[in-house]
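S.K.: no sequence on hand, only this structure:
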């Protein structure tokens with residue numbers, strides 16, 4: 001695998017950045033289609049997508065700084081490298097926070113919109129891991145098994161060594177997460193927030209397992225667990241709690257515009273009036 005794919009004049013196209021861009025574009029296209037099918041506002045979807053991307057990038061970078069605080073103290077120049085060093089969980093947390101704030105300001109049903117947005121986040125993550133594969137980061141531990149991958153020109157992974165293909169495993173898990181959320185969970189569970197809950201549950205379990213095969217152990221640890229495994233436990237618990245609350249308390253989606261409010265009112269009046277025209 002090679003991160004530098006090709007050059008256009010003085011511009012070098014890197015695989016990692018290209019996959020991130022493709023992931024964001026594909027995720028938004030899918031989100032827009034799902035939003036239109038639900039009769040939601042595409043402009044709101046665009047705003048949430050942009051906020052999730054910006055908040056996610058900032059959150060991922062901040063958590064990386066926190067995890068690597070010792071290395072940064074020893075070498076402050078690390079702070080100047082803004083193109084490398086991101087932690088996915090920081091992105092999830094950062095993107096979620098800014099989207100929650102936006103939904104509160106616009107008086108939107110937060111859980112409903114999160115159910116629409118989070119599956120597409122899984123798509124973006126899937127493409128992002130392909131970028132990791134091209135760059136050689138987030139690599140696996142050495143293995144003698146038949147399923148392995150070997151890097152020859154990586155600046156991150158050890159070269160000419162059989163490694164667990166953790167980037168491929170992560171990518172497949174994220175794409176599978178999307179399909180299960182959209183084509184299974186959303187069809188069997190109609191209450192707002194359930195899809196979001198299962199996203200947290202599925203992602204945290206998958207991430208915890210894949211971390212077992214990771215080889216970049218210098219990312220930090222909490223006891224016997226990697227930092228990501230430690231965070232996965234709390235993300236899993238949050239997903240379970242959210243699922244229980246959503247199933248126990250039925251949340252009725254609120255109309256998000258004056259037109260929708262009027263439509264709901266007219267519908268209720270029609271149901272009450274037996275002489276109303278059909």
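M.R.: Right, received. Where do you want to start? Keep in mind it's a predicted model, so treat the numbers as computed, not measured.
S.K.: would you map the strands across the protein?
M.R.: 4-8, 11-14, 149-150, 162-163, 221-222, 225-226 (DSSP state E).
S.K.: can you tell me which of these is packed in deepest?
M.R.: strand 162-163 (a mean of 20; mean count of other C-beta atoms under 10 Å). In this view, the C-beta of every residue, glycine as well, is placed from N, C-alpha and C.
S.K.: show me what it is packed against.
M.R.: Here strand 162-163 touches strand 149-150, going by 3 or more C-beta pairs under 8 Å, 6 or more residues apart in numbering; DSSP states H and E.
S.K.: a markdown table for the strands of the chain, including mean pLDDT?
M.R.: What follows is the strands of the chain, written out as a markdown table (pLDDT from 0 to 100):
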| stretch | mean pLDDT |
| --- | --- |
| strand 4-8 | 72 |
| strand 11-14 | 78 |
| strand 149-150 | 96 |
| strand 162-163 | 97 |
| strand 221-222 | 87 |
| strand 225-226 | 94 |
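S.K.: ok, which of those comes nearest residue 86?
M.R.: strand 11-14 (14.2 Å; C-beta to C-beta).
S.K.: starting from the closest one, tell me which strands it pairs with and how they run.
M.R.: Strand 11-14 has the following sheet partners, assigned by DSSP bridges: strand 4-8 (antiparallel).
S.K.: and the residue positioned nearest the centre of the chain, what pLDDT?
M.R.: Residue closest to the average C-alpha location in the chain (C-alpha atoms, centre = their mean): residue 121, at 3.7 Å. Residue 121 carries a pLDDT score of 95 in this model.
S.K.: does it touch residue 202 like I think?
M.R.: No: look at residue 121 against residue 202 with C-beta atoms under 8 Å: they stay out of range, at 11.9 Å.
S.K.: what's near enough to touch the residue nearest to the centre of the chain?
M.R.: 27, 52, 92, 95, 199 (C-beta atoms under 8 Å, 6 or more residues apart in numbering).
S.K.: Throw those residues into TSV and include pLDDT, thanks.
M.R.: Shown next, in TSV, are those (pLDDT from 0 to 100):
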residue	pLDDT
27	95
52	91
92	91
95	93
199	97
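S.K.: which residue ranges of the stretch 1-150 of the chain form helices?
M.R.: When secondary structure is read from DSSP state H, counting those that start in this stretch, the stretch 1-150 of the chain shows helices at 15-37, 42-67, 69-74, 88-106, 110-135.
S.K.: can you give me the buried ones in the first one?
M.R.: Buried residues in helix 15-37, counted by 16 or more other C-beta atoms under 10 Å: 15-20, 23-24, 27-28, 30-32, 34-35.
S.K.: repeat that for the last one.
M.R.: Applying a neighbour-count criterion of 16+ other C-beta under 10 Å, the buried positions in helix 110-135 are 110-135.
S.K.: next: stretch 45-54.
M.R.: In stretch 45-54, counting by 16+ other C-beta under 10 Å, buried: 45, 48-49, 51-53.
S.K.: try stretch 240-252
M.R.: Quick answer for stretch 240-252 (16+ other C-beta under 10 Å): 242-243, 246.
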